[in-house]
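**Q** Make a model of this:
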Amino acid sequence: MASRRLPSHGGVVVRASAYLAAAWCLGFAGVSAWQVATGPTGRVPGLAIMSVLAGVLKLAGAAVALAAVLARPGSPRRPLRLLGVALWGAFGLLALYSAGNLVIAVGTVSGLLAPSAAWTAAGGMTAKGVLYVLFFLVGAALFGLLAVWFHRRHRLRWTSAVAGLAGAPLLLGLLLAAAPAILGRWGLLPT
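**A** Residues are numbered from 1 along each chain as shown. The predicted structure follows:
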């Protein structure tokens, strides 16, 4: 029985995944921009800074997704390796964030974790909460498919995957812990 492989030429599934991943990122960036422009996020300088920082990363994610299907075999190796690291990093970041959301949701619903103030204020596990978790799982799946396909297509070394996956928790920690702590210390974010 022949093994199933992702197409090496950028078939319909891969191209559709790249375009969906880019649209996912752009839509998500649009939500951030709308929140800064119209909501309470724009009135709290630290939240606005965090939203802009996250928005830049979302736009970069869209560019990476599109670049993956535009890069041709035989291109200079360094940009291909960097793009491979970025794809694995995007997948790792979204997969890690999704895993955290799943642990919190399952742990809280099962009673293993105490509900947070945000969980209680939202009314527990709602349809909106389920959609939030699914939204990030979809993003992780799209970037995972692109990362694997790109890695195989360009015959990248395993170090590209390791670098991207290792960088994901560092970037997530920077976004969720370090940046808010710094902004709070500067008085730009409520602590």
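**Q** so the residue nearest to the spatial centre of the chain is in which element?
**A** Nearest residue to the geometric centre of the chain (C-alpha atoms, centre = their mean): residue 94, 3.8 Å. Per DSSP states H and E, residue 94 falls inside helix 77-110.
**Q** and that helix, which residues are buried?
**A** 80-81, 83-98, 101, 104-105, 108 (16 or more other C-beta atoms under 10 Å). Glycine gets a C-beta too; all of them are placed from N, C-alpha and C.
**Q** Report all helices and strands that it contacts.
**A** Packed against helix 77-110 by the contact rule (3 or more C-beta pairs under 8 Å, 6 or more residues apart in numbering; DSSP states H and E) you find helix 45-70, helix 127-153, helix 158-173.
**Q** I'd like these laid out as a markdown table, including distance to residue 24.
**A** A markdown table is the format used below for the helices and strands packed on helix 77-110 (distance: least, C-beta to C-beta, whole Å):
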| stretch | distance to residue 24 |
| --- | --- |
| helix 45-70 | 8 |
| helix 127-153 | 5 |
| helix 158-173 | 17 |
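**Q** In TSV, list those helices along with mean pLDDT and distance to residue 11.
**A** Shown next, in TSV, are these (pLDDT from 0 to 100; distance: least, C-beta to C-beta, whole Å):
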stretch	mean pLDDT	distance to residue 11
helix 45-70	93	10
helix 127-153	94	9
helix 158-173	94	22
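**Q** looking at these, which is closest to residue 32?
**A** helix 45-70 (4.3 Å; C-beta to C-beta).
**Q** name the helices or strands packed onto the closest one?
**A** helix 12-38, helix 77-110, helix 127-153, helix 179-185.
**Q** So which of the ones you listed is nearest residue 172?
**A** helix 77-110 (5.5 Å).
**Q** what about the closest one, distance to the chain center?
**A** Remark: helix 77-110 is offset 6 Å from the chain centroid, using C-alpha atoms, centre = their mean, to the nearest Å.
**Q** Mind listing residues that contact the helix or strand following that helix?
**A** Sequence-wise, the next helix or strand downstream of helix 77-110 (DSSP H and E) is helix 117-122. Contact partners of helix 117-122, identified using C-beta atoms under 8 Å, 6 or more residues apart in numbering, comprise 104, 108, 128, 129.
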